[in-house]
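1. Return a 3D structure for these sequence lines:
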Amino acid sequence: MIGKTISMKQLLLTICLLFILQSTYGQEKKIKPFFEGSFKPTFAINEDYTIDPDGDINILRLTGTFFRFGFGYQFGRRVLVSLHAGYDYHFPDAIHAFPTYARFRFNVWNREDENLFLQYSQGKMWRPSNRFSDGDYYNFGFGYELESDSRWKPVIQITYHRKSLTGFENLNNLESVSLGIGFRFYYGDILKMLNQL
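-> Okay, here's the model as predicted:
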């Protein structure tokens with residue numbers, strides 16, 4: 001397991017460096033710092049769901065809420081690298097967690113201020129109690145950043161989350177899918193706003 005984790009980190013670092021170099025030496029050499037935040041209700045498969053057409057049980061059930069805040073840099077139009085921290089609460093198991101992680105985002109398609117992107121994150125999950133130990137945190141997802149006339153850039157994303165929790169339900173992993181609604185705010189826009197005051 002340790003070998004796999006190290007090789008995944010090396011692969012992620014190599015990919016990040018390649019895209020950063022490509023963006024740095026490409027035609028567009030813009031580097032833009034930004035802040036971002038999001039709220040993510042998270043869902044899991046409902047074990048009681050059946051394919052019965054008369055059943056009133058949904059296939060997905062709400063299992064928690066995630067709050068995230070981060071800052072990072074955008075290199076050109078395609079590559080974004082950022083650091084994040086957040087607070088997670090999982091309802092069924094009353095689990096509180098504080099993930100901290102690095103994220104790599106790649107804009108697959110963009111037009112003006114609109115972007116369709118893929119992203120991968122990896123880091124550490126901190127536990128405030130001794131019920132479960134601290135663990136590793138991973139997520140992978142895709143999303144869409146909408147064009148906006150304001151300084152706030154709305155972002156919608158769907159993300160798969162995996163948290164390693166030793167002793168959790170004999171699986172040692174807590175997995176979920178979230179639908180995130182957030183924003184991105186560029187640092188240069190903050191300076192412009194402050195100068196207008």
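
2. could you pull out the strands for the chain?
-> Under the criterion DSSP state E, the chain carries strands at the ranges 31-45, 60-75, 79-90, 95-111, 114-126, 135-145, 152-164, 173-186.

3. Quick one, which of these gets closest to I51.
-> strand 31-45 (13.2 Å; C-beta to C-beta). For glycine as for every other residue, the C-beta is placed from the backbone atoms N, C-alpha and C.

4. rewinding a little: reformat the strands of the chain as CSV; add mean pLDDT, distance to I51 and mean neighbour count.
-> Below are these laid out as CSV (pLDDT from 0 to 100; distance: least, C-beta to C-beta, whole Å; neighbours: other C-beta atoms under 10 Å):
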stretch, mean pLDDT, distance to I51, mean neighbour count
strand 31-45, 88, 13, 17
strand 60-75, 91, 14, 18
strand 79-90, 94, 27, 19
strand 95-111, 92, 30, 17
strand 114-126, 93, 32, 18
strand 135-145, 94, 27, 19
strand 152-164, 91, 24, 17
strand 173-186, 88, 20, 18
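
5. ok, now how distant is the residue nearest to S129 when sequence neighbours are not counted from K163?
-> Nearest residue to S129 in three dimensions, chain neighbours excluded: H96, at 7.3 Å (C-beta to C-beta, 6 or more residues apart in numbering). According to C-beta to C-beta, to the nearest Å, H96 stands 12 Å off from K163.

6. Please apply the same query to H84.
-> For H84, the distance to K163 - C-beta to C-beta - is 14 Å.

7. What of L179?
-> 18 Å.

8. for V108, same thing?
-> 27 Å.

9. What of F75?
-> 29 Å.

10. what's the answer for K30, then?
-> 35 Å.

11. repeat for G141
-> 15 Å.

12. doesn't F35 make contact with G70?
-> Yes. The pair G70 and F35 qualifies as a contact (C-beta atoms under 8 Å) at a distance of 7.3 Å.

13. if I look at the residue nearest to R68 when sequence neighbours are not counted, how far off is Q122?
-> In this structure, R68 finds its nearest non-sequential neighbour in G86, 4.0 Å apart by C-beta to C-beta, 6+ apart. G86 sits at a distance of 14 Å from Q122 (criterion: C-beta to C-beta).

14. likewise Q157?
-> Counting by C-beta to C-beta, the gap from Q157 to Q122 is 17 Å.

15. So what sits opposite the closest residue to H161 other than its chain neighbours in the bridge?
-> Spatially, and ignoring its direct neighbours in sequence, H161 is nearest to N139 (4.7 Å; C-beta to C-beta, 6+ apart). Taking DSSP bridges, one obtains S121, H161 as the residues bridged to N139.

16. So for F69, what's the nearest residue that isn't a sequence neighbour?
-> G37 (4.7 Å).

17. My guess is that neighbour contacts G70. True?
-> Yes. At 7.5 Å, G37 counts as touching G70 under the criterion of C-beta under 8 Å.
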